[in-house]
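> I would like the atomic coordinates for the input below:
(2 chains)
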Amino acid sequence: MSSYIFSNVNRAIRFGLRSGIALALAAFYFAPRISASTPSSTTLNPVNGSSASWAGGGIAGATTDETTCVDGTDCDVYTIMLTGSPANYKGLVLAISISHQVKLNDYDLYVHKGDLTGPVIASSTGGIPETGEAVVIDPTVSGTGVYTVHVVDSNVAPGDPYSGVATITTPPTDSPAHGTAPTYANYQSPPGLGDSSGEPSIGANFNSGRIMTQAVFDTLQVTFNANTSPATATWLLKDGPNTNITTLDPILFTDSHTGRTVVAQLFGTTSLSAFTDNDGETYTVSQGGGIASGVDHETVGGGPFRLCTADQLLAIPVPCAQLAARGPLTQYPHAVYYASQDIGDAEMALSQDGGLTYEAAHPMYTLVDCGGLHGHIKVSPSGIVYVPNKSCGNTQGLIVSMDNGLTFTVQPVTGSTPNSSDPSVGIGSKGRIYFGYVAGDGHPHITVSDDQGRSWHHDWDVGVPFSIRNTVFPEVVAGDNDRASFFFLGTPSAGDGTGADTGPTPFNGVWHGYIATTYNGGRTWFTVDATPNDAVQLGVICTQGTTCPNGTRNLLDFNDLTVDQAGRVFAAYTDGCISAACIARGNNATASHTRLDNDQATKATIIRQSTGLGLFKSQDATRLQP
Amino acid sequence: MRKVVLPAFLLFSIAPLSAARHPAPQILGLRLGMSYDQAHSRLSEIGQFKSEDEGQQVWILTHDQRYQYVIIGFDRDRQARYVTVLARPNGKPVSYADVGDLAHATRSGNPGNLRYTWRASDKRGRFEYLVIAKGKDRHYLDHYAIKRLGVESEREDRD
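Residues are numbered from 1 along each chain as shown, chains lettered A, B, ... in the order given. Just a heads-up that it's a prediction; the model follows:
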């Protein structure tokens, strides 16, 4: 609705004071305001049973995430002061919960350390039909002093106020993931299709139910026939008119909600690109990108424009209008972004017409801030743009734009260490960020942020169940805010599994594809070997670009992961070990597993989730069938 | 003799005041096509090494009042492929027109995100190159770069 409100904004304002948009919106978001809760604050002591309760203000409204609410209108604030020192809380926790009556309403709970400008250290964002949200905070870790409870109307009708309780109590018993882990099946592309398929991209069209994937030259449409079990796959070649001419950094992006797929290939100082609204039956050739000085390591992404809510429009009309000026210019409702490394920096260009044309690109960061190469663009449901980077100083980093690609902030991913594989982000339905990365020690990690990358928590080594010591190509997708999947290639073999392999003894290792899944916001993860009994690669997977020796970089630089409208997860990867002999060697623990034993193949393959819960709770009643 | 010296003196005096029609393929003495060793020799004179990523180096300029950083990338033959300088915050401003004749540049973007691009040929090195000056301000640049065309980086990520 917001996009229509702003559709008539005078174009002239788009060039005025643009760099101030994000600042103004941020200032508004973080500005202290009068609380609507009653009472508005409490003080709790380090005593088991110390407790306080409050009543919400009876507010109602709808928001996309915490950043789009207006305090006193569709969110409110309650402040808790914890006395004493952190050590006083040994064996105790701060438990905060809210509850309401109507199952069709949805409140979300965020807790900031300090005021609203402080980090979100805990959040609970379950959806309908839950009637409560709860978090537990350990003051020995988070400290004492002020905590700000922010209760946000995700979707609340009038007449259903919430009530809140904060208690000092003993900690609950935390347990590993319980329940049933998902299972997966592999679908290899038929002979003659996808035979040269390094660094694949994949997307799901929610409207048609089809999967689109691209690697090197081939753009493939894949239809799964679920009338049989296990499902069968039909692969069709659907190349764009200008994207099978040359192949430098092939990229495919599907906007699942609109059904538009953009395909692109680097070409000289620009990019060849086209888009399709019917899964490759017909294409429209586009401008290609907004960077004209010689791009490298391109990526395309998209999603909703960031626009003010109606409440924000009333509260801060000028910055909202400036933001709206970067909204849609055609009937196509979503933003498309093109980004690439340039010379000394990395840039991003916005398309306001669905990828047909792009503005002149804006700098995201320079090499002073981060390494030039970056991961792929993801856009949150509220229109925040994210680009992950494997090296920003001493950590990995997340580049964030809250004004449709006009200005950018580099957020360090605290607790991470740089590596040579591009990281990946998945974004939950209410904005939670899942950042999957390969740590400096080669282990697969994923960490979570509830405040647009300003702080991070729940950093897990999800390779522990399989003793993974070398990892490449982390890829993440999220569905509901609490649900996400993380795909990576890993091997338990130690040593330099991602180097040039020029030493006297070749790296010996068997690589499989693993998918880790969370259903509780990243607190626990199921990790599953999704390619059991069929190695993806034997020996090294070199991640040093074109300096890699022949036979070590057949998989190129990344894989991809997506989710369909049923919440089913799909991964695209390049299979380097496809012959019966290679597969047998991979299954023989005493055989040699070096690059000399590998096929060096580049075969397009898709992993399809067979069973288990998907990433959308609303679809849980319809159980996934193989 | 005097007749020759005076016009020559005037010519060299005036030349730096008027921007070149096509800017030269060098910044701060760092010339496109320069060898890795030559570039490092010059870089060591004007700055301190800060970091390296994927064959691209960041140096901190120690004495330049206009620019704070220089970033340099090399091609597979270890010759300078591009040179970028970043303006020093609150330093001596450099206008787009200081880089080259704006009449011969392609302008793109708008105030807030302005970019001038020159495309030129270097007869000495027999290569084509781009010169790009860009910035948020309508008069002064944030970022000034030169880049050889048709060469790939030392660790180009092309596939």
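> SS state for residue A:253?
strand (DSSP: H, G, I helix; E, B strand; the rest coil).
> excluding chain neighbours, what is closest to the residue nearest the centre of chain B?
In chain B, the residue lying closest to the centroid (CA atoms, centre = their mean) is residue B:27, at 3.7 Å. Once flanking residues are discounted, residue B:27 sits nearest to residue B:83: 4.9 Å by CB to CB, 6 or more residues apart in numbering or on different chains. All C-beta atoms are positioned from the backbone trio N, CA, C, and that covers glycine.
> same deal with residue A:421?
Counting by CB to CB, 6+ apart, the residue nearest residue A:421 is residue A:438, at 4.5 Å.
> kindly report the same for residue A:280.
residue A:238 (2.6 Å).
> what is the neighbour count of the one you found?
23 (other CB atoms under 10 Å in any protein chain shown).
> SS state for the nearest residue to residue A:556 once chain neighbours are set aside?
Nearest non-adjacent residue to residue A:556, counting by CB to CB, 6+ apart: residue A:198, 3.3 Å away. Under three-state DSSP, the three-state class of residue A:198 is coil.
> what does residue A:87 give?
Per three-state DSSP, residue A:87 ends up helix.
> list the contacts for it?
Going by CB atoms under 8 Å, 6 or more residues apart in numbering or on different chains, residue A:87 touches residue A:140.
> please, where are all the strands along chain B?
B:26-27, B:30-31, B:47-53, B:56-61, B:67-74, B:80-87, B:106-110, B:113-122, B:127-135, B:143-148 (DSSP state E).
> worst mean pLDDT among those strands?
Per-segment mean pLDDT for the strands of chain B reaches its minimum on strand B:106-110, at a mean of 90.
> follow-up on the earlier one: quick one: the residue nearest to residue A:556 and residue A:560 touch, right?
No. The criterion here is CB atoms under 8 Å, and residue A:198 misses it with residue A:560 at 12.0 Å.
> looking at those two, which one has more neighbours?
Between residue A:198 and residue A:560, residue A:560 has the larger neighbour count (other CB under 10 Å), namely 26 against 20.
> the more buried one contacts residue A:475, doesn't it?
Yes. Counting by CB under 8 Å, residue A:475 is a contact partner of residue A:560 at 5.5 Å.
> average pLDDT for stretch A:94-114?
Rounded mean pLDDT across stretch A:94-114 is 96.
> ok, residue A:493 to chain B distance?
25 Å (CB to the nearest CB, to the nearest Å).
> that residue and residue A:531, how far apart?
Distance, residue A:493 to residue A:531, using CB to CB, to the nearest Å: 16 Å.
> so between the two, which is more surrounded?
Using other CB under 10 Å as the criterion, residue A:493 and residue A:531 rank with residue A:531 on top: 23 against 18.
> wait, residue A:364 touches residue A:349, no?
No. Using CB under 8 Å, residue A:364 is not in contact with residue A:349, being 10.4 Å away.
> so what sits against both of the two?
Here residue A:364 and residue A:349 have residue A:339 as joint contacts, going by CB under 8 Å, 6+ apart.
> who's more crowded, these two?
Between residue A:364 and residue A:349, residue A:364 has the larger neighbour count (other CB under 10 Å), namely 27 against 22.
> could you confirm whether the one helix or strand the more buried one maps to reaches chain B?
Using DSSP states H and E, residue A:364 falls within strand A:362-366. Yes. Looking at strand A:362-366 against chain B by CB under 8 Å from any CB of the partner chain, the contacts come from A:362-363, A:366.
> quick check: of those residues, which lies closest to residue A:133?
residue A:362 (37.2 Å; CB to CB).
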